[in-house]
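**Q** Sequence and computational prediction follow.
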Amino acid sequence: MAQIFHRSTNALAQLSIYGAAFVLAGLGYALYTMSRSPLMTDANIAQRQPVPFSHRHHVGELGIDCRYCHTSVEESSFAGIPPTATCMSCHSQIWQNSPMLEPVRASYRENKSIHWVRVNALPDFVYFNHSIHVNKGVGCTTCHGPVADMPLTWRANSLQMEWCLECHRQPEKYVRPRDKVFSTDYKPPANQLELGGKLVAEYKIQKLTDCSTCHR
Amino acid sequence: MVTEPLRTLLEIEPEAPIIGPGHDYASVTDKVSAIVLTNKTPKGWFVGLAIAFALVMTLMAAVGYLFITGIGIWGNQIPVAWAFDITNFVWWIGIGHAGTLISAILLLLRQKWRQSINRFAEAMTLFAVACAGIFPLIHVGRPWLAYWLFPIPNTMGVWPQFRSPLMWDVFAVSTYATVSLLFWFVGLIPDLATLRDRAKNRAAQIIYGMLAMGWRGSAVHWHRYETASLLLAGLATPLVVSVHTVVSFDFAVSIIPGWHTTIFPPYFVAGAIYSGFAMVMTLGIPVRRFYHLEDFITMRHLENMAKVLLATGLIVAYGYGMEIFSAFYTGEKFETYMVMNRLHGPYAPAYWALILCNIIIPQFLWIKRLRTNIPVLFVISLIINVGMWLERFVIIVTSLHRDFMPSSWGMFRPTQWDFATYFGTIGLFLMLFFLFIRFLPLISIFEMRQLVASENERAVRSH
């Protein structure tokens, strides 16, 4: 009876078993990397907006406080997106003829909101409250990144659950004094863990890691 | 005084043969491999496959609509959040158990009569596990997130809840599927080589040749084969007991009246083997007739299986009895109400039907004349299949629909989609089985050759 397979198939069979280990490992690595990449998380991708609003200009160069626009951040779950009237509080006086700002003026004239593109969005089944974080010493830039350096705003972090838990499990690594929460150029001191531990005790920060803390 | 050798005592009442007379190595090989290597597929096979395929399409439609719409298309509604889906899951998983019992435990116990039924019983296990696996997957509502059940690195920074029996289920069932598949495949290798060597068609030669993994039947190969199959049998043996034990924990670990009992693990395992053997019979009897395999799946096989049915059926009956007894023995209001509700409540017809199917009718198997009557066996095996499905339905739905607070009571009414999904998986099971009997040897050829050898030896000895 003639051979069905050529002699070389033996080597091929052994090679494919050996190779399968690498293919599987590679596939695992690819999935691991892909699931954390900006492709999936939108992190570090500047979003196009109806008006090219620059945080770098307004916050970094002019020094406007976060709360001038995001007014409800200290009392509410939602930090607040400013109404067009907030923009016009300055832009009725300066750059009032800039063509770039025409959508803002149109919005004000016609009493229609500007449809900003949301940059930081959590999944619907997550309960999140800005006020508790701000009041317990979590700085704006801890989550939102170097906003004062963003010409167009991007999501600075993945907003994946492992990222939330990183702080919920070890808040001492991230908290800062309450009076530095809105500082955009705050740098964690060398003794962050020591200071953080003190603040956690002082502010009575609980390490809330129950499912129902966020998934209510 | 010279004592007579013990053997002659056995010869007074010789055991019924486990292989028909006049078979040799060539005839068993020809008979079994011809089913696969024939160019003329029987028409009946096409008819069967077509019916099964139509049911699979029903399953596709039902599951497709489910994914688009959500599990609201089923009758599940709080308080009955588990209904047909989990009933079917437990039923299918249970059916698989007979295959593992036949191939692993009976192998270790050196029961020769397993050799002609183990192959298709193992295939049945695999297909039943595949059908079972569908249900938890589609029950979660968002099947694309089902990987959350596995302890793999993920972006959520959490492990699955290891304290949950549902998590244990994932491990139990996936281990079961893996070991069963390996065991089945390892057992197939020598036969795949036989098919490779006998195939005339080039494509068949290559496909069977690749699957046979270079088997040449040398002594070294046989030695490795024996070691591997013994090891796998050892691995599979605890699974016969553990898988359905874990499945029963899904219920027993909760505090729902009627679920929270310690008898559940052994009672579930016995039920699993009971339903599994019934399914082996349901599949085996028509296949045996259709392919004229009466010489290989003999009356002795059927009778032995009937005895297993009788034994496990009695264990299950004991379980039903103890459920009722312990409910009253606790004197606990909710437990006793649960029993009264099963017996007299809105689902009482299902309860009494299951008692009829699982306890009363199988008692006919005590009578040898009925136990060796093939149509009777076939009908009883079907009845037990129905009874075991009803048992899971009663356990799940009657316990959930009326628990502690009358204000939270409710009723479960199945919808057409519940039925479409259930019958669809039966179609999937049958379709896989039809493909299996067409493309793989449904009886282990080399084990039948071994059987011929040992039968010849016995014949020589007794002369």
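**A** Perfect, I can see it now.
**Q** in what helix or strand does residue B:312 lie?
**A** In the assignment (DSSP states H and E), residue B:312 maps to helix B:299-330.
**Q** what comes up buried for that helix?
**A** Buried positions in helix B:299-330, judged by neighbour count with 16 or more other CB atoms under 10 Å in any protein chain shown: B:299, B:301-306, B:308-310, B:312-313, B:316-320, B:322-324, B:327. Glycine gets a C-beta too; all of them are placed from N, C-alpha and C.
**Q** cool, and stretch B:48-60?
**A** Buried residues in stretch B:48-60 (16+ other CB under 10 Å): B:48, B:49, B:52, B:55, B:56, B:58, B:59.
**Q** what does stretch A:98-115 give?
**A** Buried residues in stretch A:98-115, counted by 16+ other CB under 10 Å: A:101, A:103, A:104, A:105, A:107, A:108, A:114.
**Q** One more: stretch B:232-240?
**A** B:232, B:233, B:236, B:237, B:239, B:240.
**Q** just stretch B:33-40 next, same as before
**A** By neighbour count with 16+ other CB under 10 Å, stretch B:33-40 contains the buried residues B:33, B:35, B:36, B:37.
**Q** Just the ones in helices from those residues, please.
**A** Among the buried residues of stretch B:33-40, DSSP state H puts B:33, B:35, B:36, B:37 in helices.
**Q** which residues does residue A:113 contact?
**A** Residue A:113 is in contact with A:83, A:84, A:107, counting by CB atoms under 8 Å, 6 or more residues apart in numbering or on different chains.
**Q** try residue B:315
**A** Residue B:315 sits in contact with B:266, B:267, B:270, B:274, where contact means CB under 8 Å, 6+ apart.
**Q** Show me how far the helix or strand following the helix holding residue B:312 is from its chain's centre.
**A** Following helix B:299-330 in sequence order, the next helix or strand is helix B:333-344 (DSSP H and E). With CA atoms, centre = their mean, to the nearest Å as the basis, helix B:333-344 stands 31 Å off its chain's centre.
**Q** Helix B:333-344 relative to helix B:299-330, how many degrees between them?
**A** Helix B:333-344 runs at 130 degrees relative to helix B:299-330, counting by axes from the mean of the first three to the mean of the last three CA atoms, to 10 degrees.
**Q** and helix B:333-344, what does it pack onto?
**A** helix B:299-330, helix B:348-355 (3 or more CB pairs under 8 Å, 6 or more residues apart in numbering or on different chains; DSSP states H and E).
**Q** Now do the last one: distance to the chain's middle.
**A** Going back to what we said before, that points to helix B:348-355. 23 Å.
**Q** do the same with stretch A:61-76
**A** 17 Å.
**Q** any idea of the mean pLDDT in it?
**A** Mean pLDDT, stretch A:61-76: 95.
**Q** do stretch A:189-209 as well
**A** Per-residue scores along stretch A:189-209 average to 95.
**Q** Any idea how far apart the tips of that stretch sit?
**A** End-to-end span of stretch A:189-209 (CA to CA, to the nearest Å): 26 Å.
**Q** Please point out which parts of it sit buried.
**A** Result for stretch A:189-209 [16+ other CB under 10 Å]: buried residues A:192, A:195, A:196, A:199, A:200, A:205.
**Q** Check stretch B:17-29 too.
**A** For stretch B:17-29, by 16+ other CB under 10 Å, it's B:18, B:19, B:23, B:28, B:29.
**Q** Can you give me the neighbour number for the nearest residue to the third one once chain neighbours are set aside?
**A** Using CB to CB, 6 or more residues apart in numbering or on different chains and skipping the chain neighbours, the partner closest in space to residue B:23 is residue B:452 (5.5 Å). A count of nearby residues for residue B:452, using other CB atoms under 10 Å in any protein chain shown, gives 18.
**Q** Hmm, residue B:22 and residue B:452 touching each other?
**A** No - if you go by CB atoms under 8 Å, residue B:452 and residue B:22 don't touch, sitting 10.2 Å apart.
**Q** Can you name the residues that contact residue 79?
**A** Defaulting to chain A. The contact partners of residue A:79, by CB under 8 Å, 6+ apart, come to A:70, A:72, A:73, A:130.
**Q** that's the wrong chain, I meant chain B
**A** Contacts of residue B:79 by CB under 8 Å, 6+ apart are B:400, B:401, B:403, B:408, B:409, B:410.
**Q** And the closest residue to chain A within the stretch 51-200 of chain B, what's its pLDDT?
**A** Closest residue of the stretch 51-200 of chain B to chain A, CB to the nearest CB: residue B:157 (2.9 Å). Note for residue B:157: predicted pLDDT of 90.
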